[in-house]
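> sequence and computational prediction follow.
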Amino acid sequence: MTDEALARAYAECERQARAHYENFPVASRLLPKEVRPHVAAIYAFARQADDFADEARYAGQDRIALIDGWQRRLRACAAARDENPVFLALGDTINAHHLPLQPFEDLLTAFRMDVTVTSYERFEDVLAYCRYSADPVGRLMLLLFGHREERLHTLSDAICTALQLTNFWQDVGIDLGKGRCYLPREDMRHFGVDGEDLATRRYTRRFADLIRFEVQRARTLFARGSALPSLLGGRLGFEIRFVVAGGTRVLDKIDAVGGDVFGRRPTLTAADWGRLLLRIAGPGGARGIRP
């Protein structure tokens, strides 16, 4: 493998990272330049596998088989060359940072669940899903920076789960279109929201109360992980502070429309990100970040 081929592989991963809307910055300039390609490689791996589970262009194909094939290539990429640019870059990232395969395997478990599980009875079941779908990403980020302390990983888990929940509440309508719902059934019963309400995208006071309740759960988890940026410091700490600000801003937007995520799906604009950056770039923030 030549340096040129590897550079092209990382460039493709970065292109994929820029091509998708997310509620958090991916491989942003807030991170050190030498780390950004590795973040993009991890993202591209997860993004493609997520698409296998979700995207209409794979309808009619065996989605589980596609994810299984992705898993086989994951297990081989650190030891063998793969012409796919995602695995070419990812194998280099895994070797350069001595990353374990388990977090990647956990992500694939979540994508299989997206194919096979359509709803969840309890909030604890949703949290169990998040342990596969979200928490591994934060742990991999910490590992890229050499942080292996369990306390830091636990704080990261809280933030990543909060981000995942934020995405769920933001995308209730979109997920329903894919045949899935992450609103716990026991919570729906408690607030008097039924399947017909969801099927018809009916916005009611009961639905608004349910969404308000779930939004507060996400806020609680963001608060639980709030010590992480200060403990990390530096550019990674600032990046995570920025990520949390983005997630809580989405929650604010959900509250601002009274939980009507059917009629007005809240998203973050470039202007939102600019205002968030200015808000958190105080003493010890951006001014303390070296280029």
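Received the coordinates, thanks. Residues are numbered from 1 along each chain as shown.
> so Lys178 makes contact with Asp51?
No. With contact defined as CB atoms under 8 Å, Lys178 does not reach Asp51; the gap is 11.9 Å. From N, CA and C alone the C-beta is placed, and that goes for glycine too.
> residue contacts, Cys13?
The contact partners of Cys13, by CB atoms under 8 Å, 6 or more residues apart in numbering, come to 37, 40-41, 43-44, 85-86, 89-90.
> distance check, it against Ala46.
Noted for Cys13: a distance of 11 Å to Ala46, by CB to CB, to the nearest Å.
> what do you get for Val137?
Separation of Val137 from Ala46 (CB to CB) stands at 7 Å.
> Val126 too?
Val126 sits 19 Å away from Ala46 when distances are taken as CB to CB.
> likewise for Ala110?
9 Å.
> domains in the chain, by residue range?
Per the record, the chain has its domains at 1-106, 117-291, by automatic domain parsing.
> could I get the ones you listed as TSV with mean pLDDT?
Listed next are the domains of the chain as TSV, based on pLDDT from 0 to 100:
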stretch	mean pLDDT
domain 1-106	89
domain 117-291	92
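> tell me the contacts of Trp169?
Contacts of Trp169 were listed using CB under 8 Å, 6+ apart, and they are 211, 214-215, 218, 251, 254, 261.
> change it to 10 Å
Contacts of Trp169 were listed using CB atoms under 10 Å, 6 or more residues apart in numbering, and they are 182-183, 210-215, 217-218, 250-251, 254, 259, 261, 266.
> what segments of the stretch 1-150 of the chain are helices?
3-19, 36-54, 63-77, 85-97, 102-116, 123-133, 135-144, 150-170 (DSSP state H, counting those that start in this stretch).
> for the shortest one, output the C-alpha coordinates as PDB.
Listed next in PDB are the C-alpha coordinates belonging to helix 135-144 (Å, rounded to 0.1, in the frame of the first residue of the first chain):
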ATOM      1  CA  ASP A 135     -21.500   4.700  23.400                       C
ATOM      2  CA  PRO A 136     -18.900   2.900  21.300                       C
ATOM      3  CA  VAL A 137     -18.300   6.100  19.200                       C
ATOM      4  CA  GLY A 138     -17.400   8.200  22.200                       C
ATOM      5  CA  ARG A 139     -15.200   5.500  23.600                       C
ATOM      6  CA  LEU A 140     -13.300   5.200  20.300                       C
ATOM      7  CA  MET A 141     -12.800   9.000  20.300                       C
ATOM      8  CA  LEU A 142     -11.300   8.800  23.700                       C
ATOM      9  CA  LEU A 143      -9.000   6.000  22.700                       C
ATOM     10  CA  LEU A 144      -7.800   8.000  19.700                       C
END
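> show me what it is packed against.
The criterion is 3 or more CB pairs under 10 Å, 6 or more residues apart in numbering; DSSP states H and E, and the helices and strands that helix 135-144 contacts are helix 36-54, helix 85-97, helix 102-116, helix 150-170, helix 228-232, helix 234-256.
> for the ones you listed, give me JSON lines that also has distance to Leu198.
Compiled in JSON lines, the helices and strands packed on helix 135-144 are given as follows (distance: least, CB to CB, whole Å):
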{"stretch": "helix 36-54", "distance to Leu198": "19"}
{"stretch": "helix 85-97", "distance to Leu198": "35"}
{"stretch": "helix 102-116", "distance to Leu198": "18"}
{"stretch": "helix 150-170", "distance to Leu198": "13"}
{"stretch": "helix 228-232", "distance to Leu198": "34"}
{"stretch": "helix 234-256", "distance to Leu198": "16"}
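> which of these sits closest to Arg201?
Counting by CB to CB, Arg201 lies closest to helix 150-170 out of these; the figure is 14.5 Å.
> residues of the next helix or strand after the closest one that come out buried?
Moving toward the C-terminus from helix 150-170, the first helix or strand encountered (DSSP states H and E) is helix 172-177. Taking 16 or more other CB atoms under 10 Å as the basis for neighbour counts, the residues of helix 172-177 that come out buried are 172, 175.
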